[in-house]
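Trainee: build me a model from this:
(chains A and B)
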There are 2 protein chains.
Amino acid sequence: MINSQHPAPMPNDYIRTDDTWLAAAARLARRARPLSRPNPAVGCMIVRQDRVVGRGWTQVGGRPHAEAVALAQAGSAAGYATVYVTLEPCAHENGRGPSCTELLIKAQVARVVIGCCDPDPRTAGRGIAALRTAGMEVEVLHCAASRQSLAGYLSRVERQRPFVTLKLALSIDGCLAMADRSSRWITGEAARAHTHGERARHDAILIGRGTLLADQPTLDVRLLGLERQSPERWLLTRGQAPAGWQALHDPADLSVMLPAQYLMVEGGAATAAAFLRADVVDRLLIYRAPIIIGGGMPGIGDIGLGSLAAAHGCWRMTDRQALGSDHLEVYGRMSCLPA
Amino acid sequence: MINSQHPAPMPNDYIRTDDTWLAAAARLARRARPLSRPNPAVGCMIVRQDRVVGRGWTQVGGRPHAEAVALAQAGSAAGYATVYVTLEPCAHENGRGPSCTELLIKAQVARVVIGCCDPDPRTAGRGIAALRTAGMEVEVLHCAASRQSLAGYLSRVERQRPFVTLKLALSIDGCLAMADRSSRWITGEAARAHTHGERARHDAILIGRGTLLADQPTLDVRLLGLERQSPERWLLTRGQAPAGWQALHDPADLSVMLPAQYLMVEGGAATAAAFLRADVVDRLLIYRAPIIIGGGMPGIGDIGLGSLAAAHGCWRMTDRQALGSDHLEVYGRMSCLPA
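Mentor: All right, here's what the predicted structure looks like:
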């Protein structure tokens, strides 16, 4: 029975912890992607007595850094405040201005909480050391939200390759086209608009020769205001790439794409299989249409799977949403996900 | 900002309408499935001054009917009450006792709200007419929840065939096995247990010859307490069925399965395609495992699709749930769903 006199209790003791502030900084960092490239997309929150006094994220072209933006906004309120930043502040001198470490010391903040150490050998712990030497309290939380927001940058520095998202538009029965290759359209407008938004957040997009010949896709971002965000276009081919495209000869050679942080692979089935076989896919974006094709073109070719048991434990669904009558399923590579 | 002093308002004017009472009766009807067979699974609620005074659902073997059970529970409280029943009360004489129409008149209920007219020619409006003749207020609401709870019965009477659910356990890329046919296992324990629960609610299960030879499935219900609910076993074959099985020669001949109300088709790909090609599938149960097989056996064979446009508008996702690391996707045939 529903009793209107005793509503469910509200969380009246809702307290923001270091983790929740860092997660908020990671959400700010999203705004920097992809405009911050080639620099990492970093987010920063400055908090004094539970009030936010400054917010920042990496600006177009990589400068100013997130900390500099947040400190400028906070002004004198930064004194004795806590700074939450998704990535270790830079410590290296730069012709374009002082390092973030210097700025934080100068602003006399009390405490710096860092979501993730910077693996860049120019920083790599030096930022933390400099802050501590200056008498600041520094904590490194190894925060999953921070790492996730920096996935492309961390992949570039730690694995010398971009973070790879494989996108497929599939029917219920996993086909990406009819047997005669016709594929317009599997998904509806909302799903296709979502794809354009994803493209805008990537530094590079790759397709295979079959898709190039069949669809002649422009791969541009067709969202108002985002047209100039269109990523680099790459073709998986042993031969030459046409004008306006770059050639990747093998998914094992992804380092040639650097400094790209985020690569989106858009198919078709052979290209998807080549990337999966090389074990370089970090995230799957499956746009699932509520249609059955039946005997159509399978979405993914042979990946050299040895046994069914080997297929398990690789992917976990991390998100899903309805897009019109379609559904987006997002899967993360288990080895990249927090436990 | 979260303000603990002003919690979100609760629905303090929550009023049960005829529709919500009928939906509650439809939920009761679920308890009758499949034990009520060959009779329809009906649910009944008797309400007097906003209090439930009787609840009933069709009993084992089809008798007593839901109304009789609810009236017996209500006793004299049924006088001047409103009776909510998912299906028009029966009006035909029966050697096993009086009709529900007679019982309702005798109990002097004030009002009868019916979710769905009975297409059975022995009733077909006669129940409603008899109640009205006796001075009762009768309303027929054509309630979607009632129709849905009676899908198998309505299909049997109106279409002379059972309501057909096609079940498939598929990978992300729509495969039901590896290329070498190995399929143990695609989905995990929770999904397989859910399948047993679904089997227990069906009157018949059908597979194809390929699946019979490859898997030798027993198709029994392996849930404690439900072992005796195992449905009839059918084989899609032009030839003879082995002992313990019945043969269906063509999906167009589904009337031979009557009086079965609910049929579950469990694959493989050719059987699924045969049913889809014959356009006799009403519901899809897709158990989706978070695995990629790549170049495996497609879940659904050629269904004779003429164009991609023809594939759209046939199915709508009506439900989904996580089952361990798998996800169940339920799709309804659009022509069977409320708008």
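
Trainee: so residue A:109 makes contact with residue A:84?
Mentor: No - Residue A:109 lies out of contact with residue A:84 (C-beta atoms under 8 Å); the separation is 10.6 Å. Every residue, glycine included, has its C-beta placed from N, CA and C.

Trainee: of the two, which one has the most company?
Mentor: residue A:84 (32 against 25; other C-beta atoms under 10 Å in any protein chain shown).

Trainee: got the phi and psi for the more buried one?
Mentor: Residue A:84 adopts backbone torsions of phi -100, psi 120, taken as degrees, to the nearest 10.

Trainee: neighbours of residue A:322, how many?
Mentor: The tally of other residues near residue A:322 (other C-beta under 10 Å) stands at 12.

Trainee: contacts for the helix or strand hosting it?
Mentor: Taking DSSP states H and E as the definition, one finds residue A:322 inside strand A:315-323. For strand A:315-323, contacts defined as C-beta atoms under 8 Å, 6 or more residues apart in numbering or on different chains pick out A:187-188, A:190-191, A:194, A:284, A:287, A:327-334, A:337, B:172, B:290-292, B:317, B:322, B:325, B:327.

Trainee: now do the buried residues in it.
Mentor: With burial defined by 16 or more other C-beta atoms under 10 Å in any protein chain shown, the residues of strand A:315-323 counted as buried are A:315, A:317, A:320, A:323.

Trainee: return the helix or strand in chain A with minimum mean pLDDT.
Mentor: Across the helices and strands of chain A, the lowest-confidence element by mean pLDDT, DSSP states H and E is helix A:209-215, at a mean of 85.

Trainee: residues near the residue in the stretch 101-250 of chain A positioned nearest to chain B, how many?
Mentor: Using C-beta to the nearest C-beta, the single residue of the stretch 101-250 of chain A nearest to chain B is residue A:174, 1.8 Å away. Counted with other C-beta under 10 Å, the neighbours of residue A:174 add up to 29.

Trainee: excluding chain neighbours, give the residue nearest to it in space.
Mentor: residue B:174 (1.8 Å; C-beta to C-beta, 6 or more residues apart in numbering or on different chains).

Trainee: and residue A:93, by the same measure?
Mentor: Closest to residue A:93 by C-beta to C-beta, 6+ apart is residue A:99, at 6.5 Å.

Trainee: setting aside sequence neighbours, what's the nearest residue to residue A:78?
Mentor: Closest to residue A:78 by C-beta to C-beta, 6+ apart is residue A:107, at 4.3 Å.

Trainee: same question, residue A:178
Mentor: In space, residue A:178 is closest to residue A:296, 5.0 Å off (C-beta to C-beta, 6+ apart).

Trainee: list the residues that contact the nearest residue to residue A:314 once chain neighbours are set aside.
Mentor: Spatial nearest neighbour of residue A:314, chain neighbours left out: residue A:334 (5.9 Å); criterion: C-beta to C-beta, 6+ apart. Shown in contact with residue A:334 (C-beta under 8 Å, 6+ apart): A:313, A:314, A:315, A:316.

Trainee: bridged to the third one, which residues?
Mentor: Residue A:315 forms beta bridges with residue A:333, as assigned by DSSP bridges.

Trainee: can you map out the helices along the stretch 51-200 of chain A?
Mentor: A:66-74, A:100-106, A:126-133, A:144-149, A:151-159, A:189-200 (DSSP state H, counting those that start in this stretch).

Trainee: so which elements touch the second one?
Mentor: Which is helix A:100-106. Contact here means 3 or more C-beta pairs under 8 Å, 6 or more residues apart in numbering or on different chains; DSSP states H and E; on that basis helix A:100-106 packs against helix A:66-74, helix A:126-133.

Trainee: do the same with the longest one
Mentor: Identification of packing neighbours for helix A:189-200 by 3+ C-beta pairs under 8 Å, 6+ apart yields strand A:163-170, strand A:283-288, strand A:315-323, strand A:326-333.

Trainee: chain center to it, what's the gap?
Mentor: From the chain centre to the centre of helix A:189-200 is a distance of 15 Å (C-alpha atoms, centre = their mean, to the nearest Å).

Trainee: give me the contact list for it.
Mentor: A:34, A:165, A:167, A:169, A:185, A:205, A:219-223, A:226, A:229-231, A:264, A:285, A:287, A:289, A:323-324, A:326, A:328.

Trainee: let's see 6 Å
Mentor: Under the criterion C-beta atoms under 6 Å, 6 or more residues apart in numbering or on different chains, residues A:221, A:222, A:223, A:226, A:229, A:287, A:323, A:324, A:326 lie in contact with helix A:189-200.
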